[in-house]
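Trainee: sequence first, predicted coordinates after that:
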Amino acid sequence: MKREYTVIIEQDETGYYVAEVPELEGCHTQAKSLDELMERVREAIELCKEAAESQRPRKHLVGVQRIAV
């Protein structure tokens, strides 16, 4: 069964795209292009899902906020 995940994508100072999947603890990857990044994110999600099944209960994303301090 397919499940949708939220992917947060940022670009670092060297030009690499960095992706994080908040619903899966420790699930992140990086690549030089967005196409390559999305392939790697799918692979990372599969690996993280396998690891998460044998560990703690899943978190679900409530939202993303920006705050100025």
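Mentor: Done, it's in. Numbering: from 1, shown residues only.

Trainee: how about stretch 41-57: buried residues?
Mentor: For stretch 41-57, a neighbour-count test (16 or more other Cβ atoms under 10 Å) marks 41, 44, 45, 48, 49, 52 as buried. Where you see a C-beta, it was placed from the backbone N, CA and C, and this is true even at glycine.

Trainee: dump those to CSV, plus pLDDT.
Mentor: Formatted as CSV, the buried residues of stretch 41-57 follow (pLDDT from 0 to 100):
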residue, pLDDT
41, 97
44, 96
45, 95
48, 91
49, 88
52, 73
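
Trainee: wasn't residue 41 part of a helix?
Mentor: Yes. Residue 41: assigned to a helix according to DSSP: H, G, I helix; E, B strand; the rest coil.

Trainee: now it: how far from residue 61?
Mentor: Using Cβ to Cβ, to the nearest Å, residue 41 is found at 15 Å from residue 61.

Trainee: can I get the CA coordinates of the strand or helix carrying residue 19 in CSV?
Mentor: Element membership of residue 19, judged by DSSP states H and E, is strand 17-20. C-alpha atoms of strand 17-20 as CSV (Å, rounded to 0.1, in the frame of the first residue of the first chain):
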residue,chain,number,x,y,z
TYR,A,17,19.7,19.9,-2.6
VAL,A,18,19.0,18.4,0.8
ALA,A,19,15.8,16.5,1.5
GLU,A,20,14.3,15.5,4.9
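
Trainee: dump the one helix or strand residue 44 maps to to PDB, keeping only the CA atoms.
Mentor: Element membership of residue 44 [criterion: DSSP H and E] is helix 34-53. Presented in PDB, the C-alpha positions along helix 34-53 are these (Å, rounded to 0.1, in the frame of the first residue of the first chain):
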ATOM      1  CA  LEU A  34      16.200  17.800  -8.100                       C
ATOM      2  CA  ASP A  35      15.500  14.700 -10.300                       C
ATOM      3  CA  GLU A  36      18.400  12.800  -8.600                       C
ATOM      4  CA  LEU A  37      17.200  14.000  -5.200                       C
ATOM      5  CA  MET A  38      13.700  12.600  -5.700                       C
ATOM      6  CA  GLU A  39      15.100   9.200  -6.700                       C
ATOM      7  CA  ARG A  40      17.300   9.200  -3.600                       C
ATOM      8  CA  VAL A  41      14.400  10.300  -1.400                       C
ATOM      9  CA  ARG A  42      12.300   7.300  -2.600                       C
ATOM     10  CA  GLU A  43      15.200   5.000  -1.800                       C
ATOM     11  CA  ALA A  44      15.800   6.600   1.600                       C
ATOM     12  CA  ILE A  45      12.100   6.300   2.500                       C
ATOM     13  CA  GLU A  46      12.000   2.600   1.700                       C
ATOM     14  CA  LEU A  47      15.100   2.000   3.900                       C
ATOM     15  CA  CYS A  48      13.700   4.200   6.700                       C
ATOM     16  CA  LYS A  49      10.300   2.500   6.600                       C
ATOM     17  CA  GLU A  50      12.000  -0.900   7.000                       C
ATOM     18  CA  ALA A  51      14.000   0.400  10.000                       C
ATOM     19  CA  ALA A  52      11.000   2.200  11.600                       C
ATOM     20  CA  GLU A  53       8.700  -0.900  11.400                       C
END
